[in-house]
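S.K.: pasting the structure only:
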């Protein structure tokens, strides 16, 4: 079905959009583009925060593994400190608690980034007394 030439022209013989139609279209376009820019900005902030949290988690796992592999039996109590990795400054807090078993300690490690990204992670684990474990293993090995 084709529109006749007379249906596409206005009464006064001019073709095109009115100023009001153009303003309405531009308003709709501006609203859509501002929503798109906001969504892109929010996505970038979420990605940056996720990167910081992932790095904090990797640091926490690494520090907990270092404590386990060191062979030291951590004393109950709290300790904290700071360190730097590249341009980023990090804070750590370690809480060691006794448990019902005298051979286990509960270790809670918090890692927090001191910059705008604000990465953070908390890791809770149990550490076995290396001296008690060795004695137990040796006692079991004897005939």
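M.R.: Done, it's in. For clarity, every value in this text was computed on a predicted model and none was experimentally measured.

S.K.: what is the neighbour count of residue 128?
M.R.: Residue 128 sits with 14 neighbouring residues when counted by other Cβ atoms under 10 Å. Just so you know, the C-beta spots here come from the backbone N, C-alpha and C atoms, and that holds for glycine as well.

S.K.: do you know how far it is from residue 18?
M.R.: 80 Å (Cβ to Cβ, to the nearest Å).

S.K.: which parts of stretch 110-129 are buried?
M.R.: Neighbour-count burial for stretch 110-129 flags 110, 111, 112, 113, 117, 119, 120, 121, 123, 127, 129 (criterion: 16 or more other Cβ atoms under 10 Å).

S.K.: also stretch 66-80?
M.R.: Neighbour count says stretch 66-80 has residue 67 buried, by 16+ other Cβ under 10 Å.

S.K.: quick one on the thing from earlier: let's have the buried residues of stretch 110-129 in JSON lines, adding secondary structure and distance to residue 91.
M.R.: Below are these laid out as JSON lines (DSSP: H, G, I helix; E, B strand; the rest coil; distance: Cβ to Cβ, whole Å):
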{"residue": "110", "secondary structure": "strand", "distance to residue 91": "8"}
{"residue": "111", "secondary structure": "strand", "distance to residue 91": "7"}
{"residue": "112", "secondary structure": "strand", "distance to residue 91": "5"}
{"residue": "113", "secondary structure": "strand", "distance to residue 91": "8"}
{"residue": "117", "secondary structure": "coil", "distance to residue 91": "14"}
{"residue": "119", "secondary structure": "coil", "distance to residue 91": "11"}
{"residue": "120", "secondary structure": "strand", "distance to residue 91": "9"}
{"residue": "121", "secondary structure": "strand", "distance to residue 91": "12"}
{"residue": "123", "secondary structure": "strand", "distance to residue 91": "14"}
{"residue": "127", "secondary structure": "strand", "distance to residue 91": "22"}
{"residue": "129", "secondary structure": "coil", "distance to residue 91": "28"}
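
S.K.: single out whichever of the residues you listed has the smallest pLDDT.
M.R.: Across the buried residues of stretch 110-129, no position has a lower pLDDT than residue 117, which has 78.
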